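A.B. asks: Predicted structure and sequence below. I'll ask about it afterward.
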Amino acid sequence: MMSAVDGERIALVLAGGGARGAYEAGALSVLVPELDRRGQRPSLFVGTSVGAMNAAYLAAAHEHSAEEAAAGLLENWRHVGSGHIMRPLHQHLLLAAMRYVGETLSLPGFQFSSLLDPAPLEQRVQEWIDLSSLHHHITQRSVDAMAVVATAVRSGRTVVFVESAVQPVLHRSHILDYVPTTIDHVHLRASAALPVLFPPVRIEFPAEAHGWYVDGGTRLNTPIKPALDLGADRIVVVGTDAIIPSSDEPGRHEGSPPDLADGALHVLEGALVDPLAEDIITLGNINLFYSDPEGAAAAQQYRRARGKPPYRRVPYIFIAPDRRGAIGEHALEVFHSSSRKLNLRSVRQRLFSQFLGGDSPAHGQLLSYLFFDAQYLDELIAMGQHDAQHWLTRPTNNDPWQIGPLPELTG
């Protein structure tokens, strides 16, 4: 089956975001079936962290209808609990503290690698994602490629592990290293190993890329460039936070003295959100520039003279929350509602909240990445479905594809 009308290659690009991956699943449950009805089902999958896991699931489920594949992804998320992702905090925190003290005192045999233990995730990834099916679809060329983004600890380079039946033409990049391989569960886990919170993951193959890796989102959270380099003609991007700039009302910089959570949040958003906004703006501007024949010809000549591939106009779809902080607010609301109950689960949740620092908006944002609560995940799924439906109903000519910059980013 062709991936699109006239053989166009449709890429699905999914960002990282921990528990916010449920938002992606909700959006995809609306978007992927609709694109399939238009003859534009994605066949090229690129993801970072939880986005890589969602992308790999859909690629592996390509023999099913788009609706069945999306429904299966939703089913996975609706049965996720915190125990499926990491060991309870009270079980691991004491051991982590002992390792930290031991390493600080230079005691032999002590090495502090993470605050949380994601051991349960390894089993769940193997249960959720049938990689043998993924390999089959790539061999049969019903799936063009699967790419997983991770960050090499030693060099700090972004590494894109790519599985494709046809050796892709990958352009040399000063920020990315492309590694052809057979995608394995270890690549997916490495892409989701958020530094400090989760331990790094060692990858042994291929030999030229062996080493320790952490979350790909630390350098490249939304891998639009790899999708373009892999030959995407159209790109579907699902982000896990709004990219609309903050309002300019007076006094917006005022507030209580910042704490550790505020600083951590700014670092996280700097890695996960801000680069995505720039990428979307750049893609829209290039598309707009491409529509000018005189300017486009001069630009292509400039790039040819420097040995770079020509610019192409690449229509895109972009789904994300419409307001920064909205998901964090949902996380806090659900957390407060469930933690009022007097049971072991509520005690664990309060301990986890104190671990993150409290219940300010910044703490809610941090909580939203790690809060694998059934009610919260259901709300994220519904939010993703709503935002995807909103995108599909906004065009006046029944065309969901955007060419130029988003008006809300240029106004």
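C.D. replies: Looks like it arrived, so ask away.

A.B. asks: Strands of the stretch 301-411 of the chain, residue ranges please.
C.D. replies: For the stretch 301-411 of the chain, strands defined by DSSP state E, counting those that start in this stretch occupy the ranges 316-319.

A.B. asks: Grab the CA positions of stretch 127-137 and hand them over as CSV.
C.D. replies: Taking Å, rounded to 0.1, in the frame of the first residue of the first chain, the C-alpha atoms of stretch 127-137 are listed here in CSV:
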residue,chain,number,x,y,z
GLU,A,127,5.2,-6.6,25.7
TRP,A,128,3.8,-3.6,23.9
ILE,A,129,6.0,-3.4,20.8
ASP,A,130,6.3,-6.4,18.5
LEU,A,131,9.6,-5.6,16.8
SER,A,132,9.5,-8.7,14.6
SER,A,133,6.4,-7.2,13.0
LEU,A,134,8.3,-3.9,12.6
HIS,A,135,11.2,-5.6,10.9
HIS,A,136,8.8,-7.5,8.6
HIS,A,137,7.0,-4.3,7.5
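
A.B. asks: Can you list the neighbours in contact with it?
C.D. replies: Identification of contacts with stretch 127-137 by C-beta atoms under 8 Å, 6 or more residues apart in numbering yields 53, 56-57, 59-63, 76, 143, 146, 163, 182-185, 188. Every residue, glycine included, has its C-beta placed from N, CA and C.

A.B. asks: Give me the mean pLDDT for that stretch.
C.D. replies: The pLDDT scores in stretch 127-137 average 95.

A.B. asks: ditto for stretch 363-371
C.D. replies: Mean predicted confidence for stretch 363-371 is 80.

A.B. asks: Same question for that stretch: list its buried residues.
C.D. replies: H363, G364, Q365, L366, L367, S368, Y369, L370, F371 (16 or more other C-beta atoms under 10 Å).

A.B. asks: Any chance of those in JSON lines with distance to A27 as columns?
C.D. replies: Below are the buried residues of stretch 363-371 laid out as JSON lines (distance: C-beta to C-beta, whole Å):
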{"residue": "H363", "distance to A27": "25"}
{"residue": "G364", "distance to A27": "21"}
{"residue": "Q365", "distance to A27": "19"}
{"residue": "L366", "distance to A27": "22"}
{"residue": "L367", "distance to A27": "21"}
{"residue": "S368", "distance to A27": "16"}
{"residue": "Y369", "distance to A27": "17"}
{"residue": "L370", "distance to A27": "20"}
{"residue": "F371", "distance to A27": "19"}
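
A.B. asks: the bottom helix or strand of this structure by mean pLDDT?
C.D. replies: Scoring the helices and strands of the chain by mean pLDDT, DSSP states H and E places helix 89-104 at the bottom, with a mean of 44.

A.B. asks: and after that one, which helix or strand comes next?
C.D. replies: Reading on from helix 89-104 to the C-terminus, the next helix or strand found by DSSP states H and E is helix 119-128.

A.B. asks: Could you tell me which ranges of the stretch 251-400 of the chain sit under the pLDDT cut-off?
C.D. replies: 251-275, 290-310, 338-362, 396 (pLDDT under 70).

A.B. asks: can you pull out the helices in it?
C.D. replies: 260-272, 274-290, 293-305, 326-339, 344-356, 361-370, 374-393 (DSSP state H, counting those that start in this stretch).

A.B. asks: on that earlier part again, of the buried residues of stretch 363-371, just say which sits nearest to Y213.
C.D. replies: The closest of the buried residues of stretch 363-371 to Y213 turns out to be Y369 (C-beta to C-beta; 19.1 Å).

A.B. asks: Give me the angle between the helix or strand hosting H136 and helix 119-128.
C.D. replies: Counting by DSSP H and E, the element that carries H136 is helix 131-139. Here helix 131-139 runs at an angle of 50 degrees relative to helix 119-128 (axes from the mean of the first three to the mean of the last three C-alpha atoms, to 10 degrees).

A.B. asks: List the contacts of A207.
C.D. replies: By C-beta under 8 Å, 6+ apart, A207 has no neighbours at all.

A.B. asks: and A232, what is it in contact with?
C.D. replies: So A232 contacts R9, I10, A11, L44, V314 (C-beta under 8 Å, 6+ apart).

A.B. asks: Surely the third one and V236 touch.
C.D. replies: Yes - assessed by C-beta atoms under 8 Å, A11 is found in contact with V236 at 6.9 Å.

A.B. asks: Common neighbours of these two, please.
C.D. replies: Shared contacts of A11 and V236, counting by C-beta under 8 Å, 6+ apart, come down to P42.

A.B. asks: I'd say G328 and S368 touch.
C.D. replies: Yes - using C-beta under 8 Å, G328 is in contact with S368, at 4.7 Å.

A.B. asks: Can you report how many residues neighbour N398?
C.D. replies: 8 (other C-beta atoms under 10 Å).

A.B. asks: how near is it to A70?
C.D. replies: Noted for N398: a distance of 21 Å to A70, by C-beta to C-beta, to the nearest Å.

A.B. asks: Look up the pLDDT of the residue nearest to A66 when sequence neighbours are not counted for me, please.
C.D. replies: In space, A66 comes closest to D36 once its chain neighbours are excluded; the distance is 3.6 Å by C-beta to C-beta, 6 or more residues apart in numbering. Note for D36: predicted pLDDT of 97.

A.B. asks: what secondary structure does D36 sit in?
C.D. replies: helix (DSSP: H, G, I helix; E, B strand; the rest coil).

A.B. asks: What residues does it make contact with?
C.D. replies: D36 makes contacts with S65, A66, E67, as judged by C-beta under 8 Å, 6+ apart.

A.B. asks: roughly how far apart are it and L73?
C.D. replies: 14 Å.

A.B. asks: just A190 next, same as before
C.D. replies: 21 Å.

A.B. asks: So these two - more neighbours on which side?
C.D. replies: A190 (29 against 26).

A.B. asks: just checking, the more buried one is part of a helix?
C.D. replies: Yes - A190 forms part of a helix when assessed by three-state DSSP.

A.B. asks: what's it in contact with, if anything?
C.D. replies: By C-beta under 8 Å, 6+ apart, the neighbours of A190 are A150, P200, V201, I203, Y213, V214.
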